[in-house]
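[1] here is my input, please return the structure:
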Amino acid sequence: MAVAPTTLLQVAPDVTVTFGSGVDVSIAFGIDRVTAGPHGVAILEAFRAPTPMGEVLKRLGERTTGMQDWIELSAMVATFARLGILRDPASADRTLHAEGGRFDSARPHVLMLGDHARTERYLAAIRQVVQPGDIVVEIGTGTGVLSVAAAQAGAARVYAIEATAIGDLARRVFARNGVADRVTLIEGLSSRVTLPERCDVLVAEIIGRDPLEEGVLEFTRDAVARFLKPGGRLIPSHLELLALPVVLPDDVYAGWTFTPDAVADWQRRYGVDFSPLIEGSRRSLWKTSVSPRRLHQFEALTPLISVVRRDLSEIGEVGFSRTVTATVGADGTVGGVALCFAATLAPGIVLDTDPAHYRDGNSWDHLMWGLPVPVAVRTGDTLELTMRHRVDGLPLEVAVVRR
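    Predicted coordinates:
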C-alpha cells in the first residue's frame with residue numbers, strides 16, 4: 001500500500017511477535033514471518049491504535065542515534081505497511097495480497113477450494129454434525145464456505161473468525177448466499193477475540209504441511225475453553241500426526257545439503273577448499289516441502305508411522321516428545337522423513353494425506369525433514385523415530401535398532 005505522513009496505520013489483527021536471542025524479534029502474520037531488529041517492537045507498540053505514520057516517525061525518530069538509524073526506522077515502517085503487518089484500519093475494501101503464500105491472497109484459497117476431497121468431506125461432516133438451532137463458531141473462515149454450510153445445515157447463528165483481508169470477501173459470500181442474517185464475521189485471531197455466547201460446534205481447518213505448524217493444537221485448545229459449551233462438538237474431532245521414512249533421490253540431496261561431489265567441483269572451479277561445509281552439513285537437519293505427487297514417487301521404507309493422535313476436545317499440553325518404532329520393509333537408505341496426517345471430521349468421515357492414496361488436487365504439500373547423515377537399513381530392521389513439538393531438543397531423530 002502507498003503511505004504518506006498522514007496515512008493512518010494500525011497493527012493487523014493476525015500479527016504475533018516472538019522474541020529470539022539478542023535484539024531480534026520474529027514477527028509472524030498469516031503464514032509469513034519476518035525478522036525485525038530493535039525498532040520492530042517499538043513500531044508495533046506505536047501502532048497498536050490507528051495513528052498517522054508521520055506522528056509515529058516523529059516520536060520514534062527522537063530516540064534514534066543518527067541519520068542511518070532514522071533511515072532504518074522509516075524503512076521498517078514502510079516495509080511493515082507493504083507486507084500488511086501495518087494496515088489502514090479505515091479501509092472497507094482491502095485488496096488481496098499479490099504474494100501467493102499468504103492467506104490474504106487468492107492462491108491458497110484457490111488450492112483449498114480446488115481440493116474437492118477436502119472441501120466435500122468437510123461439508124459432509126458439517127451436514128452430519130450441525131443440528132438445527134445450533135450455535136457454530138469457525139476458526140479461520142477464509143472464503144466462508146464452511147460457515148455458509150453450517151448455516152445451510154440449520155445453525156441458528158454462526159461466528160466466522162478471520163484475521164486476514166479475505167474476510168472482506170467472505171462477508172460478501174455470506175450475503176450472496178442469503179445467510180448474512182445468521183453468519184457474523186469476526187475479525188482477528190481466534191485467541192484474541194471474544195464471542196457473545198457459547199457455541200455447540202467448533203469448525204476449524206487450520207492444518208498445515210507440518211500438520212501442527214498453523215497452531216491447530218494451541219488455537220483449538222483455546223477455542224474449546226472459551227467458545228464451546230460443555231460437551232460441544234468439534235470438526236475435526238481427532239487429529240493424527242503420521243511420519244513416513246523415505247529414500248531421497250540424489251537431486252534432492254544436491255539441492256539442500258553440501259555433498260562431497262559438489263564441494264569437490266567448487267574447489268576445482270574456485271580454488272577454495274570447502275571441505276568444512278561437508279562436516280557442517282552432517283550435523284544439521286534440513287527441511288523442505290514435497291508435493292503429494294513427488295512424495296508418491298519416493299520409495300517408502302516402512303508403512304506410515306503413527307506418531308501421536310490427539311482428541312481435540314481434550315488437548316492438555318500441546319508439546320510432546322514421542323519415540324515410535326516401525327519395521328523396515330526393504331533394504332535402502334533413509335534420507336528423509338515426510339509428515340502426513342489423518343483428521344477425523346465426523347463418524348465415518350476421515351480426511352488424510354497418505355501418499356499411498358495419492359489424489360490429484362490435494363492442497364497440502366508435505367513437510368519433509370532431511371537427515372544430516374542418511375541411515376542405511378535392511379529388511380526386518382527396527383527403525384526408531386523420535387519427534388518433538390514445542391519441547392527442547394532436535395525436532396527429529398532417526399536410529400536403527402538391531403537386536
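
[2] in stretch 242-256, which residues are buried?
    242-248, 252-253, 256 (16 or more other Cβ atoms under 10 Å). Where C-beta positions appear, they are placed from N, C-alpha and C, glycine not excepted.

[3] what's the neighbour count on E162?
    Using other Cβ atoms under 10 Å, the number of residues around E162 comes to 29.

[4] contacting residues for it?
    By Cβ atoms under 8 Å, 6 or more residues apart in numbering, the contact set of E162 is 140-142, 170, 185-187.

[5] go with 7 Å
    140-142, 170, 185, 187 (Cβ atoms under 7 Å, 6 or more residues apart in numbering).

[6] with secondary structure added, can I get the residues you listed in CSV?
    Shown next, in CSV, are the contacts of E162 (DSSP: H, G, I helix; E, B strand; the rest coil):
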residue, secondary structure
G140, coil
T141, coil
G142, coil
A170, helix
L185, strand
E187, strand
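
[7] could you flag which of those residues are buried?
    Those of the contacts of E162 that meet the buried threshold are 140-142, 170, 185, 187, by 16+ other Cβ under 10 Å.

[8] of those residues, closest to E397?
    Nearest to E397 among these, counting by Cβ to Cβ, is G140 at 32.0 Å.

[9] for the closest one, what are its contacts?
    G140 neighbours (Cβ under 7 Å, 6+ apart): 161-162, 204-206.

[10] tell me the spacing between it and E218.
    Applying Cβ to Cβ, to the nearest Å, the value for G140 to E218 is 13 Å.

[11] mind splitting this protein into its structural domains?
    Listed by automatic domain parsing, the domain ranges of the chain are 8-87, 107-205, 239-401.

[12] ends of the shortest one, what's the gap?
    Think domain 8-87. Chord length of domain 8-87, first to last residue, is 8 Å (Cα to Cα, to the nearest Å).

[13] pick out the most distant pair among the buried residues of stretch 242-256.
    Among these, the pair separated by the greatest distance (Cβ to Cβ) is L242 and Y253, at 23.7 Å.

[14] and F227, which of the domains of the chain is closest to it?
    domain 107-205 (5.0 Å).

[15] quick one: buried residues of whichever helix in the chain runs longest?
    Secondary structure assigned by DSSP state H gives helix 67-83 as the longest helix of the chain. Within helix 67-83, the residues scored as buried using 16+ other Cβ under 10 Å are 70, 73-74, 76-78, 80-81, 83.

[16] nearest to A125, of these?
    The closest of these, once distances to A125 are taken by Cβ to Cβ, is L83, at 34.9 Å.

[17] redo the contacts of E162 as JSON lines? Include distance to L277.
    As requested, the contacts of E162 are exported to JSON lines (distance: Cβ to Cβ, whole Å):
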{"residue": "G140", "distance to L277": "41"}
{"residue": "T141", "distance to L277": "46"}
{"residue": "G142", "distance to L277": "42"}
{"residue": "A170", "distance to L277": "48"}
{"residue": "L185", "distance to L277": "51"}
{"residue": "E187", "distance to L277": "47"}
